[in-house]
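Chemist: only geometry, no sequence info:
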């Protein structure tokens, strides 16, 4: 019995040492979408502050493709030592399991670090689009079936889910145009190459504020202070269109708990910083409260959304890609 206790105690030494020494070199944070989208923006805000807390640089690596699952797979396969993290979304780490026939990871088996922010959805159009309101847009699209082009961040992404939900509620026949991230989709909307996007606050809000696009509706019960002129879905006659995505940090399965605790603590320190919270809020996103910041809270959120969106996709009759 004594020998067994000694062996168990010695087995814990490497884990404890890992937590004490970590990190001793820069950390790579894989963002599963292209630069400029909501996941990328939230990751960079978190990484900047976390790097200062941890005493090491947190380097962003954008790995886009397949609705975020290309980057998600690379992050899941990384060494479970805390030096490779993944920033995912509701799409890549929630609904993707139902939208793809094969996916190289199960988000429920990853080690959650914590939630960065909630991201309200918007519907926006190019600035010279004929419709000035959601009602006018719906009328125009119905009068021109199969002619209005709708962009999103790729099959399985959170903006894609927002588009699916939008067309399901409105019955519109839009020409769906998938991109390798929100950034490229927004670039084409600003350039007038597509007519409309369903996307999230960090991508849409700066362009609405700059006047380069026109926001038609925010998928929230109340208007946002950062876009006060954009009506809610309820005000626009579509009360069921309520949609909020999220961005969060994950580590590979098997990452030692002391390392996860240190990473989670650094994220919590970032979210406690008023400058960080203001940066998140100024983009129309929602910083999580204390009860939402723990790894366990994120684990429960992921499990809930995998089940929820799996059911939504099945009931909508969407065939996995």
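Modeler: Received it, and whenever you're ready, just let me know what you need. Keep in mind it's a predicted model, so treat the numbers as computed, not measured.

Chemist: surely residue 115 is within a strand?
Modeler: Yes: counting by DSSP: H, G, I helix; E, B strand; the rest coil, residue 115 is part of a strand.

Chemist: can you name the residues bridging to it?
Modeler: Beta-bridge partners recorded for residue 115 (DSSP bridges): residue 248.

Chemist: tally of neighbours for it?
Modeler: If you count neighbours by other Cβ atoms under 10 Å, residue 115 ends up with 25. Glycine gets a C-beta too; all of them are placed from N, C-alpha and C.

Chemist: contacts for stretch 185-199, please.
Modeler: For stretch 185-199, the surrounding residues in contact (Cβ atoms under 8 Å, 6 or more residues apart in numbering) are 36-38, 121-126, 128-129, 137, 148-153, 159-160, 162-163, 166, 174, 177, 179, 182, 203-204, 207, 212-213.

Chemist: find the centremost residue of the chain, please.
Modeler: The residue lying closest to the centre of the chain (Cα atoms, centre = their mean) is residue 89, at 2.9 Å.

Chemist: contact partners for the closest residue to that residue other than its chain neighbours?
Modeler: Nearest residue to residue 89, sequence neighbours excluded (Cβ to Cβ, 6 or more residues apart in numbering): residue 158, at 4.7 Å. Counting by Cβ under 8 Å, 6+ apart, residue 158 touches 38, 89, 90, 91, 92, 95, 119, 200, 245, 246.

Chemist: contacts only, for residue 25.
Modeler: Contacts of residue 25 (Cβ under 8 Å, 6+ apart): 56, 83.

Chemist: what ranges do the helices span in the stretch 101-250 of the chain?
Modeler: Here the stretch 101-250 of the chain has its helices, by DSSP state H, counting those that start in this stretch, at 134-143, 158-170, 182-190, 201-210.

Chemist: so what does the last one touch, helix or strand wise?
Modeler: Using 3 or more Cβ pairs under 8 Å, 6 or more residues apart in numbering; DSSP states H and E, the elements in contact with helix 201-210 are helix 38-54, strand 111-126, helix 182-190, strand 213-218.
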